[in-house]
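Engineer: output the structure for:
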Amino acid sequence: MKLGRRLRRTRAGQYQLRLSKAERDLLRSLPGQVRELIDSTDPADPSVRRLFPPAYRDEEKAEADYQELVHAELLEHHRQALTVMEETIDADRLDEGQVVSWLSALNELRLVLGTNLDVSEGLEPVDTSDPRAPGLALYGYLSWLEEQVVEALETTL
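Structural biologist: As a prediction, this is how the structure comes out:
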């Protein structure tokens, strides 16, 4: 499938999802990996820290209180977004709530992958022989797809 709009809002208010079989297969493989990571809740894992960022870096008590208040809710939000993506990966039409969940899930996938690859704003293009090249290509695709979702949602504003 050539690169083109993957998600567009229809006149009926739904969203048409246009992904190739290869894209769907690729995306199908990712949510379970992130769910496994967040369910492990190893606070030392940089990816987990990225998904559950600290609010108080220098105040242990305040940070513990904050995490006690929000961690379970944020964890459930991440799980639900990943579940919606898994359940609708083969759908041709999504409603707005499902599209918002896709946006969250794509963002979570990007955050984890970007953290694992040490992606930063000043990242230079890498040679195809670089062992990070496949991961960076996936990161670029997820970023592009996330942009497509944002643009489709903007049509409702």
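
Engineer: residues contacting the most centrally placed residue in the chain?
Structural biologist: Central residue of the chain (Cα atoms, centre = their mean): Leu106, 2.2 Å from the mean position. Contact analysis of Leu106 by Cβ atoms under 8 Å, 6 or more residues apart in numbering lists 85, 142, 145-146, 149. Quick note: C-beta positions are derived from backbone N, CA and C, even for glycine.

Engineer: report pLDDT for Glu124.
Structural biologist: At Glu124, the pLDDT value in this model is 73.

Engineer: what about it, which SS state?
Structural biologist: coil (DSSP: H, G, I helix; E, B strand; the rest coil).

Engineer: from Ala137, how far off is it?
Structural biologist: In this view, Glu124 and Ala137 are 15 Å apart by Cβ to Cβ, to the nearest Å.

Engineer: these two: which is more packed in?
Structural biologist: Shown here are Glu124 and Ala137; by other Cβ atoms under 10 Å, Ala137 has more neighbours (12 against 4).

Engineer: check what pLDDT the more buried one gets.
Structural biologist: 91.

Engineer: next one: Ala55
Structural biologist: Reported pLDDT at Ala55 in the predicted model: 89.

Engineer: swap in Gln67?
Structural biologist: Note on Gln67: pLDDT of 85.

Engineer: on the three-state scheme, it is what?
Structural biologist: Gln67 falls in the helix class when you classify it by three-state DSSP.

Engineer: report how many residues lie close to the closest residue in space to it that isn't next to it in sequence.
Structural biologist: Nearest in space to Gln67, with sequence neighbours left out and distances taken as Cβ to Cβ, 6 or more residues apart in numbering, is Phe52 at 7.3 Å. For Phe52, the neighbour count with other Cβ under 10 Å is 16.

Engineer: so what does Phe52 have for phi and psi?
Structural biologist: Torsion angles at Phe52 (phi, psi; degrees, to the nearest 10) stand at phi -130, psi 70.
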